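Visitor: Pasting a predicted model and its sequence here:
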Amino acid sequence: MPPITRTASPILSALARRNLQRPAFRQVRFASHVGTVSASKLGGKADWGYQWKRVGGVAMMYFPVVAVVMFWPYGVEPIMAVFEDKW
């Protein structure tokens, strides 16, 4: 079988270069986590206040959004009744 000649389009060569660079980006992204050390290894106390603040912030967004998504028909029904009576 003859060797493949390099007559690829610029688009294909750009895609090939992008796929070759992808592992280098992964190494840089994960290299930032190598130097991190947890608080338990250092012997420090856990910051429970920060964790509760984070959980509270998530709950302040989660519960209202879930309530709107689940119970929107109850709020729309009276509005639709008004519009149905007019037309």
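Guide: Everything's here; your move. Numbering: from 1, shown residues only.
Visitor: for the chain, which spans come out with low pLDDT?
Guide: 1-8, 18-44 (pLDDT under 70).
Visitor: quick one, helices of it?
Guide: Using DSSP state H, the helices of the chain run over residues 10-31, 39-42, 48-86.
Visitor: Take the ones you listed and lay them out in JSON lines including mean neighbour count.
Guide: Using the backbone N, CA and C atoms, a C-beta is placed for each residue, glycine as well. Listed next are the helices of the chain as JSON lines, based on neighbours: other C-beta atoms under 10 Å:
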{"stretch": "helix 10-31", "mean neighbour count": "9"}
{"stretch": "helix 39-42", "mean neighbour count": "9"}
{"stretch": "helix 48-86", "mean neighbour count": "9"}
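Visitor: Distance check, L15 against S9.
Guide: 10 Å (C-beta to C-beta, to the nearest Å).
Visitor: ok, now V58?
Guide: V58 is 48 Å from S9, by C-beta to C-beta.
Visitor: cool, and F71?
Guide: F71 is 54 Å from S9, by C-beta to C-beta.
Visitor: and if you look at K45?
Guide: Relative to S9, and taking C-beta to C-beta, K45 is found at 60 Å.
Visitor: Same check on M60?
Guide: 52 Å.
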